[in-house]
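[1] Sequence first, predicted coordinates after that:
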Amino acid sequence: LWYYRPEEVRGGRKLFHGEKELFVSDHVDWVSSQSFQGKMRVHSLLDYQHLEHIDDVDYFCRFSYQCQKGTFKPNRVHVYCKCEMPYNPDQVMVECESCQEWFHLTCLDLAPSDVEEFFECEDCIAKTKEEQKLLQARPPKQPRNS
């Protein structure tokens, strides 16, 4: 298998590419064993996320790259946060307990120590406040006459 770094492919490195992200490719080549510089372990993104310790030789791959076409598989990934960017394992994210959407702490201008055990995003906080206002503004129910 031949792996590429994001900056080595058409389109280059994007903000959501992790520092240790590689793309597996359809490139085939024969090289001398003397040209190897060292060993590396390439994990799936899911396996990489669950590593207890990430060593210098640990990398992850979530895309395959077709060299001749300059295209990727998958060609779409889920986006998160108000920045609408794909997941980057180098950036800490937090999940809103109400809407289950994920947010980058940097986009929320928060430090990890600022996040409490129960996190709710700005939209959900505003929605909850609006619902409370509507409930308070509603007249009390009148008993029915039988």
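    Perfect, thanks for sending it. Numbering: from 1, shown residues only.

[2] Not counting its neighbours along the chain, what's nearest the most centrally placed residue in the chain?
    By C-alpha atoms, centre = their mean, the chain has its centre lying nearest to Tyr87, at 1.2 Å. Excluding the flanking residues, the one nearest Tyr87 by C-beta to C-beta, 6 or more residues apart in numbering is Tyr80, at 6.1 Å. (Glycine included, C-beta is placed from N, CA and C.)

[3] Count residues in the vicinity of that neighbour, would you?
    20 (other C-beta atoms under 10 Å).

[4] now swap in Val42 and tell me
    17.

[5] ditto for His50
    9.

[6] May I have the top strand by length along the chain as CSV, with CA atoms only?
    Ranked by residue count, the top strand of the chain under DSSP state E comes out as strand 58-66. C-alpha atoms of strand 58-66 as CSV (Å, rounded to 0.1, in the frame of the first residue of the first chain):
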residue,chain,number,x,y,z
ASP,A,58,0.8,5.8,14.9
TYR,A,59,-1.3,7.4,12.0
PHE,A,60,-4.9,7.1,10.9
CYS,A,61,-6.6,6.8,7.5
ARG,A,62,-10.3,7.5,6.7
PHE,A,63,-10.1,8.2,3.0
SER,A,64,-8.7,6.4,0.0
TYR,A,65,-7.2,8.4,-2.8
GLN,A,66,-7.4,7.5,-6.5
